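Novice: Dropping the sequence and predicted coords here.
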Amino acid sequence: MAALDDLIMMGPPEVDKGSMSLIISLQRDDIRQYFASNNGQHAEGERSDTDLAMGLYARELDRFNRFNPIAPDRTPDRHPALQTEEDDQDDQDDAQYDSDIESEYGHGYILRVSEYGDEYYETIYSTSDDNTSEGSDGNTDGMRGCLACNEIEYCSDCLAQLFRNATADEALFPPRCCRRQIPLEPNEHLLPEDLVRHFRDKEVEFSTPNRTYCHQATCSAFIHPAMHVGLVATCSACQSTTCIACKGPSHNGDCPPNDDLQGVVRLAQEEGWQRCPNCQSMIELSTGCYHITCRCGNEFCYLCSEPWKQCDSEEIHDRGHNDHGEAGVAEALALDDYRQIRILDIVDDLMENYECDHPFWRSVQGRNRCETCGERMRFFIYECRVCNILVCRGCRYNRL
């Protein structure tokens, strides 16, 4: 027994790349041969324990090869009888992802996942010369490092994409990495001129409270505050005039009733929705605490719409946390003592630190969906070690 324990502690022996590739290929051949020889021996829909075990092992081989692409065959060794709806969706996503890579980089490029310390990285490789492609011409003169961690570097194309995403999604504005803003001025020479102009326009739009947009549905352009005269805003794109108060066509006298808007307001009152005091966007709280951070960046209380922590709802906030705590206690009473203690500790921690700053992350292998943007991740995802939220790389570094 001692010798066996010593062998386990030593760990697996080092295997060179060629030998590992041969081992994986032989194991795949064995799996294919098994399924071929057993095809038709079971009624449709039936699966033997051996079928299930072989299917799971085939998936593990495929998963290993995704992170260590040393075996040339990247096709999953799944028997059709073991194919699930989730597998079908994953295969469709894989095909679409590979198609997108080929459209962007050309024929002969694949995605590989490499491990560096506790991090995983997706990199585009050329199958012809095995050179990596970062979506640029390979020139590293324009690389820019993260201002917060000094570890992440962005090429000019990736930097431009960050600024472009920030103009399309207000939640990503201003562009940032590791919670530090990426300023425009020092990076302006790396960005296309039209993107810089568009970014500056969006900077004004996103910083304007109670914004006014052109009432013409075919236009809907943001109207710069400089184009406001009294309660009339003139659209610089189509020259239409919009009332700043009711957001409809400009008019004389009092604003006419807006039945559509009033219908939405009544529905919001019935459903308990709130409007952001800054940008007037309608917000629905489905889960979580009453601390709302709107896409415009404004923070307010969902109960009273007052600025966060500047209202009289503190007692109600605490009551909400106590309700969660009592639910946790009720659940713990049905469990053994150790788990009771652990759950109560977690409940206490959530009540004390319910707004997680996500200080520590770990990489988790496998397919998952980002809980922030909803994107399906093929190979890995990041999990916060404190609150256990699962997010993609873009959300971890550039959104949260």
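Specialist: Great, that's in hand. Numbering: from 1, shown residues only.
Novice: Number of residues surrounding the residue lying closest to residue 369 once chain neighbours are set aside?
Specialist: Leaving out its chain neighbours, the residue that sits closest to residue 369 by CB to CB, 6 or more residues apart in numbering is residue 376, at 5.3 Å. The C-beta positions use only the backbone N, C-alpha and C, and glycine is treated the same way. Number of residues near residue 376 (other CB atoms under 10 Å) recorded here: 14.
Novice: now swap in residue 232 and tell me
Specialist: Neighbours of residue 232 using other CB under 10 Å come to 16.
Novice: Phi, psi for it please.
Specialist: Dihedral pair for residue 232: phi -120, psi 130, per degrees, to the nearest 10.
Novice: which residues touch the residue nearest to it when sequence neighbours are not counted?
Specialist: The spatial neighbour of residue 232 that comes closest, neighbours along the chain excluded (CB to CB, 6+ apart), is residue 250 at 4.8 Å. By CB atoms under 8 Å, 6 or more residues apart in numbering, residue 250 lies in contact with 231-232, 241-243.
Novice: Check the gap between residue 250 and residue 36 for me.
Specialist: Per CB to CB, to the nearest Å, residue 250 is found 75 Å from residue 36.
Novice: what's the answer for residue 394, then?
Specialist: 42 Å.
Novice: neighbour-wise, which of these two wins?
Specialist: For residue 394 versus residue 36, the count of surrounding residues by other CB under 10 Å is larger for residue 394: 17 against 9.
Novice: Please name every helix or strand in contact with the strand or helix carrying the more buried one.
Specialist: Using DSSP states H and E, residue 394 maps to helix 393-398. In terms of contacts (3 or more CB pairs under 8 Å, 6 or more residues apart in numbering; DSSP states H and E), helix 393-398 is packed against strand 176-177.
Novice: partner strands of the strand it packs on, parallel or antiparallel?
Specialist: Sheet pairing for strand 176-177, assigned by DSSP bridges, gives strand 180-181 (antiparallel).
Novice: pLDDT (mean, whole number) over the partner strand?
Specialist: The average pLDDT for strand 180-181 rounds to 90.
Novice: Leaving out chain neighbours, which residue sits closest to residue 200?
Specialist: residue 184 (7.8 Å).
Novice: okay, that neighbour: pLDDT?
Specialist: For residue 184, the model assigns a pLDDT of 93.
Novice: picking up where we left off before, return the residues in contact with the residue nearest to residue 369.
Specialist: Contacts of residue 376 were listed using CB under 8 Å, 6+ apart, and they are 93, 367-370.
Novice: Let me know the secondary structure of residue 247.
Specialist: Using DSSP: H, G, I helix; E, B strand; the rest coil, the structure places residue 247 in coil.
Novice: Look up phi and psi at it.
Specialist: Main-chain torsions, residue 247, degrees, to the nearest 10: phi 70, psi 10.
Novice: Tell me which residues touch it, please.
Specialist: For residue 247, the contacting residues are 212-213, 215, by CB under 8 Å, 6+ apart.
Novice: now it: how far from residue 382?
Specialist: Distance from residue 247 to residue 382, by CB to CB: 40 Å.
Novice: Kindly confirm whether my reading is correct that the residue nearest to residue 200 touches residue 196.
Specialist: Yes - applying CB atoms under 8 Å as the test, residue 184 and residue 196 come out as touching, 7.2 Å apart.
Novice: picking up where we left off before, cross the contacts of residue 250 against strands and list the overlap.
Specialist: The strands, defined by DSSP state E, take in 232, 241-243 from the contacts of residue 250.
Novice: all helices of this protein, in order?
Specialist: Counting by DSSP state H, the segments of the chain that form helices are 2-10, 17-37, 49-67, 85-105, 156-168, 193-206, 259-271, 314-333, 337-352, 393-398.
Novice: which stretch in the ones you listed is the model least sure about?
Specialist: Among the helices of the chain, helix 2-10 carries the lowest mean pLDDT, a mean of 42.
Novice: what residues are up against the residue nearest to residue 200?
Specialist: Residue 184 sits next to 163, 191, 196, 199-200 when contact means CB under 8 Å, 6+ apart.
Novice: excluding its backbone neighbours, what's nearest residue 241?
Specialist: Using CB to CB, 6+ apart and skipping residues adjacent in sequence, the residue nearest residue 241 is residue 250, 3.9 Å away.
Novice: Domain map for this structure?
Specialist: Using automatic domain parsing, the domain parsing of the chain gives 14-83, 134-206, 210-251.
Novice: Out of those domains, which gets nearest to residue 345?
Specialist: Taking CB to CB as the criterion, domain 134-206 is the member of the domains of the chain that comes nearest to residue 345, at 27.4 Å.
Novice: ok so, going back, can I get the contacts of residue 247 in TSV including neighbour count, distance to residue 280 and pLDDT?
Specialist: Supplementary listing: those in TSV, determined by neighbours: other CB atoms under 10 Å; distance: CB to CB, whole Å; pLDDT from 0 to 100:
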residue	neighbour count	distance to residue 280	pLDDT
212	21	10	95
213	15	11	96
215	19	15	95
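Novice: Those into TSV, with extra columns for distance to residue 256?
Specialist: Below are those laid out as TSV (distance: CB to CB, whole Å):
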residue	distance to residue 256
212	17
213	18
215	12
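Novice: Which one of those is nearest to residue 389?
Specialist: Nearest to residue 389 among these, with distances taken as CB to CB, is residue 213, at 33.2 Å.
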